[in-house]
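In: Have a look; sequence and predicted model below, questions after that.
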Amino acid sequence: MKIDHTPCYILHKHDYKESSLLLEIFSREYGRLSLIAKGAKRNSQRKGVDYSLYQKYKMSWVAKSELGTLTDIEYANEPGYLTPAKLMSGFYLNEITMRLLHKHESHPELFDAYDKTIISLASDISEHIVLRYFEKSLLDSLGYGVVLDSDVETGEKIDAGNQYYYQFDYGPLLNPVNSKDGIKISGKTLLQINNETLSDTECITEAKMLLKSILYRHLGSKPLASRELYQAYVQNKDIV
């Protein structure tokens, strides 16, 4: 298989043999896959490209097996970088994408959501908002869509003034019979997540609690490295 100049992001990279890199990439048309960038360390500025994360590229490769070989790479837009304050969010974004996406499955709508998230993280928009929208898109793309607009028992539209109980693997309920497997959440928050209009602090906090609780049910028992890194960062920051 030979692929020419398709939009991609690098999710992770590490050394491969003496002079090469092993890239874990997310491509718009071909999903997540692994590529060897031969000689990348020896010629790290090939075409001015530095193989940065959080930067959109156009890549070409050939593949005869699960592991492909990069044949060309160029920037898809002007090079841009996340500020140090946003790098932790970028790390989290890449980790959940790698953990939950199967290789060689196309998710163009999720790629577009990822692209939008990177652009938003590079702006002044709060990461606590844009990450929630990506989590929602990721769950939708994987077939675990979150019901946000109606009571799953009655079918009635969510009322912003009501308090609901979101039962995992089911949806929001105004009057739950069993409240052991879920969390309480306001109708206002459900509608703001659905419409991607998160604004006030209380709704942002509730959205984080809901979406991460659902997401972690699909991530399995292995802890997120980004979570542990963030906790270490907070502790060290407090010390300083």
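Out: Cool, got the structure. Predicted model only: the values in this text are computed from it and were never measured. Numbers count the residues shown, from 1 in each chain.
In: The top strand by length along the chain: partners in the sheet, and parallel or antiparallel?
Out: Of all segments of type strand in the chain, defined using DSSP state E, the longest is strand 2-16. Looking at strand 2-16 with DSSP bridges, its partner strands are strand 20-27 (antiparallel), strand 56-62 (antiparallel).
In: Can you give the distance from the first one to the centre of its chain?
Out: In this case it means strand 20-27. Mean-position distance between strand 20-27 and its chain equals 17 Å (C-alpha atoms, centre = their mean, to the nearest Å).
In: right, and the strands paired with strand 2-16 - which one's nearest Leu100?
Out: With C-beta to C-beta as the criterion, Leu100 lies closest to strand 20-27 of the strands paired with strand 2-16, at 11.5 Å. C-beta: built from backbone N, CA, C; applies to glycine.
In: Need the contact partners of the closest one.
Out: By C-beta atoms under 8 Å, 6 or more residues apart in numbering, the residues outside strand 20-27 that reach it are 3, 6-16, 32-41, 51, 59, 70, 97-98, 101, 111, 114.
In: Quick check: buried residues in that strand?
Out: For strand 20-27, burial by neighbour count (16 or more other C-beta atoms under 10 Å) applies to 20-27.
In: Just put these in CSV and tack on distance to Asn178.
Out: Shown next, in CSV, are the buried residues of strand 20-27 (distance: C-beta to C-beta, whole Å):
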residue, distance to Asn178
Ser20, 54
Leu21, 50
Leu22, 47
Leu23, 46
Glu24, 40
Ile25, 43
Phe26, 38
Ser27, 42
